[in-house]
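Asker: below are the sequence and a predicted model; questions follow.
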Amino acid sequence: MKKIAVFASGNGSNFQVLAEQFPVEFVFSDHHDAYVLKRAEKLGVKSYSFELKDFADKAAYETALVQLLDQHQIDLVVLAGYMKIVARTLLDKYEGRMINIHPAYLPEFPGAHGIEDAWAAGVKESGVTIHWVDSGIDSGQIIRQKRVPRLATDSLATFEERIHQMEYALYPEVLESLGIERLAK
Ligand code: GAR
């Protein structure tokens, strides 16, 4: 059975949706106080966190991540709101085995504020994209993407919520398509 690890920096709602449907070997957060770590505890999923500032540089930080992934023999790294750019140390070992979810229809609105940027641009529709991770910012090969409309009655909050609901539907579908087995019911 293929093993997955999820990386998340903050809230972790995507992690929660995945952990309710798939066995997650562990979750990693780059912030000790991230809410995702509380979700992991409640769900009984192993978690780790360490912060970039505790290492000499990003290469040393990512070396620790590679060790963790290797120790757990992870087949697929699932980024779900992991807000750091993945650098060479991690990519050298895990490129081709790492995917990301982005809350916009790439190549539209890459970066850390995909939802807000689409909203500010006044689009009629945005979307959700799941892609392989490469050395660029949200530039890797697209696996799957879907459009999400922006309604005339939307506030930023309702628009954001519709995008998140699409994320929660799409990420499990993509994991399954990549051969990740669901939890037995
Ligand atoms: C998600 O919308 C995810 O697509 C986005 O962060 C949010 C995390 O929410 N990621 C990016 O913007 C990456 N560029 P969550 O922590 O509740 O899953």
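Answerer: Arrived safely, thanks for sending. Numbers count the residues shown, from 1 in each chain.

Asker: show me where this protein has helices.
Answerer: Remark: helices assigned in the chain by DSSP state H are 13-19, 35-43, 58-71, 88-94, 114-120, 156-177.

Asker: the second one: which residues count as buried?
Answerer: Meaning helix 35-43. Tyr35, Val36, Leu37, Arg39, Ala40 (16 or more other C-beta atoms under 10 Å). Heads up, the C-betas are built off the backbone N, CA and C, glycines and all.

Asker: nearest spatial neighbour of the last one, chain-adjacent residues omitted?
Answerer: Excluding its sequence neighbours, the residue lying closest to Ala40 (C-beta to C-beta, 6 or more residues apart in numbering) is Ser47, at 4.0 Å.

Asker: from the centroid of the protein, which residue is nearest?
Answerer: Ala80 (1.6 Å; C-alpha atoms, centre = their mean).

Asker: my guess is it contacts Phe7, does it?
Answerer: Yes - counting by C-beta atoms under 8 Å, Ala80 touches Phe7, with 7.0 Å between them.

Asker: what residues does the chain have near the ligand?
Answerer: By the rule C-beta under 6 Å from any ligand atom, the part of the chain lying against the ligand is 8, 10-14, 80-81, 101-103, 112, 114, 138, 164, 167.

Asker: excluding its backbone neighbours, what's nearest Leu76?
Answerer: Ile4 (4.9 Å).

Asker: that neighbour and Lys84: what is the separation?
Answerer: To Lys84, Ile4 is 19 Å away according to C-beta to C-beta, to the nearest Å.

Asker: more crowded one of those two?
Answerer: Set Ile4 next to Lys84 and count neighbours by other C-beta atoms under 10 Å: Ile4 wins out with 25 against 14.

Asker: give the contact list for that one.
Answerer: Leu18, Phe22, Pro23, Val24, Glu25, Ile74, Asp75, Leu76, Val77, Val78, Leu175, Ile180 (C-beta atoms under 8 Å, 6 or more residues apart in numbering).

Asker: dump the residues you listed into JSON lines; add pLDDT and neighbour count as well.
Answerer: Formatted as JSON lines, the contacts of Ile4 follow (pLDDT from 0 to 100; neighbours: other C-beta atoms under 10 Å):
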{"residue": "Leu18", "pLDDT": "98", "neighbour count": "25"}
{"residue": "Phe22", "pLDDT": "98", "neighbour count": "20"}
{"residue": "Pro23", "pLDDT": "98", "neighbour count": "16"}
{"residue": "Val24", "pLDDT": "98", "neighbour count": "23"}
{"residue": "Glu25", "pLDDT": "98", "neighbour count": "18"}
{"residue": "Ile74", "pLDDT": "98", "neighbour count": "19"}
{"residue": "Asp75", "pLDDT": "98", "neighbour count": "16"}
{"residue": "Leu76", "pLDDT": "98", "neighbour count": "19"}
{"residue": "Val77", "pLDDT": "98", "neighbour count": "22"}
{"residue": "Val78", "pLDDT": "99", "neighbour count": "27"}
{"residue": "Leu175", "pLDDT": "98", "neighbour count": "21"}
{"residue": "Ile180", "pLDDT": "98", "neighbour count": "21"}
